[in-house]
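Q: sequence first, then the predicted structure, then my questions.
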Amino acid sequence: MVERVVVGPWKTNCYIYSSSKKECIIVDPGGDEEEIASRVDVLNMVPIGIALTHGHIDHLAALGRLQANYESRGYTLPVAISSADRRFLGSGALEAHKESLETHELVEFASLAGDAPELPKADVRLKEGDRVFDMDLVVLETPGHTPGSLCFYSEKEGVLFSGDTLFFDGVGRTDLPGGSEKKLRESIEKKIAVLPPETRVFPGHGPFTTVERERRGNPFFRQPAPEPKQLERGKRALPAKPPKRRIVRKAKASRPPVSRRVRTRVIKKSKTKPLKLVKRRTARSKSPRRATGKAPRVARAIASAKSRKKKGR
């Protein structure tokens, strides 16, 4: 069970988490302790501890008052934080918060601790792999936003409390004392990006998201662009050659093969002049048929009669 309560002027997400029927823990009480206690009562839960994802004041401003509220009811709430962020609790912690934030001109942020009582000391120091107050939450060390930033992960419920390490489409700032963008990137890539994609992520500010959604949309999940290689002194970079254009020529239409003899004849015929038809007058035939125009038998009879007549003379 996850219940969110938005508290404080910076709209910090405080969570009430339970993996049992009656007991719960409170994650990051950044203000409005009465509203947090009232929500726990509505849920009919009994808190057994307070877990902090990191030590910034907007995530623990209500810590002292919330402990005092439950002490008056007979409950003791131990506080758990990482060893690297334990300096944000105990005596002198408020001055450290104010000095750090005023240096960065975050006056309204520093005012969160103005009316708070002395911040209590850490009762439990969390490290990688620890369970959080007998709940099914496992500690993941994710430095970057602060040296001791933590995430709480439940494999059974598919839930991750990311604090200020990972937001919806963003990450926590790294320009405050102890912040490191390099470590933050490594924490996200090695600890969060490897979780199942359907894991629900409950951040310290803003709406909840999933690992799958942040893999696709969050720029910190992508590898940084490689740096350009440095040239030796005295050498100038040559302009990149444009890619070669591929020229595609249309194939000529294929013709049927022609033999050499036929090709020669065609060429010779093309050079000769066209033939002219000449009409010639033919001489009259001396044959009896052509002279007389009669049948051959009659012509022979006439010829023989003439020859006999000549002989008779």
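A: Looks like it arrived, so ask away.

Q: go ahead and confirm residue 176 touches residue 146.
A: Yes - between residue 176 and residue 146 a contact is recorded at 7.5 Å, counting by Cβ atoms under 8 Å. C-beta coordinates here come from the backbone N, C-alpha and C atoms, glycine included.

Q: can you list residues touching both of those two?
A: Here residue 176 and residue 146 have residue 56 as joint contacts, going by Cβ atoms under 8 Å, 6 or more residues apart in numbering.

Q: those two: which has the busier surroundings?
A: Here residue 176 and residue 146 are compared on neighbour count by other Cβ atoms under 10 Å; more neighbours surround residue 146, at 29 against 17.

Q: nearest spatial neighbour of the more buried one, skipping sequence neighbours?
A: On the basis of Cβ to Cβ, 6 or more residues apart in numbering, the spatially nearest residue to residue 146 that is not a chain neighbour turns out to be residue 54, at 4.5 Å.

Q: for residue 158, see how far away residue 68 is.
A: Counting by Cβ to Cβ, to the nearest Å, the gap from residue 68 to residue 158 is 35 Å.

Q: now the strands for the stretch 151-300 of the chain?
A: In order along the chain, the stretch 151-300 of the chain carries the following strands (DSSP state E, counting those that start in this stretch): 159-163, 166-167, 170-171, 200-203, 209-210.

Q: in JSON lines: those, plus mean pLDDT, distance to residue 29 and mean neighbour count.
A: Below are the strands of the stretch 151-300 of the chain laid out as JSON lines (pLDDT from 0 to 100; distance: least, Cβ to Cβ, whole Å; neighbours: other Cβ atoms under 10 Å):
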{"stretch": "strand 159-163", "mean pLDDT": "97", "distance to residue 29": "13", "mean neighbour count": "26"}
{"stretch": "strand 166-167", "mean pLDDT": "95", "distance to residue 29": "19", "mean neighbour count": "26"}
{"stretch": "strand 170-171", "mean pLDDT": "92", "distance to residue 29": "23", "mean neighbour count": "20"}
{"stretch": "strand 200-203", "mean pLDDT": "97", "distance to residue 29": "15", "mean neighbour count": "21"}
{"stretch": "strand 209-210", "mean pLDDT": "96", "distance to residue 29": "22", "mean neighbour count": "20"}
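
Q: these two touch, right, the residue nearest to residue 146 and residue 152?
A: No - assessed by Cβ under 8 Å, residue 54 is found out of contact with residue 152, at 11.6 Å.

Q: am I right that residue 50 sits in a helix?
A: No - according to DSSP: H, G, I helix; E, B strand; the rest coil, residue 50 belongs to no helix; its state is strand.

Q: for it, give me its contacts.
A: 25, 26, 27, 29, 63, 66, 67, 77, 78, 79, 80.

Q: the residues you listed in strands, which ones?
A: With strands taken from DSSP state E, the overlap with the contacts of residue 50 comprises 25, 26, 27, 79, 80.

Q: pLDDT score assigned to the second one?
A: As predicted, residue 26 sits at a pLDDT of 97.

Q: bridging residues for the nearest residue to it once chain neighbours are set aside?
A: What sits nearest to residue 26 in space, not counting adjacent residues and going by Cβ to Cβ, 6+ apart, is residue 50, at 4.9 Å. When bridges are taken as DSSP bridges, the partners of residue 50 come out as residue 26, residue 79.

Q: so how far is residue 180 from residue 50?
A: Relative to residue 180, residue 50 is positioned 26 Å away (criterion: Cβ to Cβ).

Q: tell me which stretches of the stretch 1-150 of the chain form strands.
A: With strands called from DSSP E, counting those that start in this stretch, the stretch 1-150 of the chain shows them at 2-7, 12-17, 23-27, 46-51, 79-82, 124-126, 138-141, 150-154.

Q: give me the number of residues near residue 140?
A: Counted with other Cβ under 10 Å, residues neighbouring residue 140 total 22.

Q: can you offset everything so residue one is 527?
A: Got it, the first residue is 527 from now on, which makes the last one we talked about residue 666.

Q: so it sits right up against residue 677, yeah?
A: Yes - Residue 666 lies in contact with residue 677 (Cβ under 8 Å); the separation is 4.3 Å.

Q: what residues are shared contacts of the two?
A: Between them, residue 666 and residue 677 share the contacting residues 717, 718, judged by Cβ under 8 Å, 6+ apart.

Q: nearest to residue 585, of the strands of the stretch 527-676 of the chain?
A: Evaluated with Cβ to Cβ, the strands of the stretch 527-676 of the chain place strand 538-543 nearest to residue 585, the distance being 6.0 Å.
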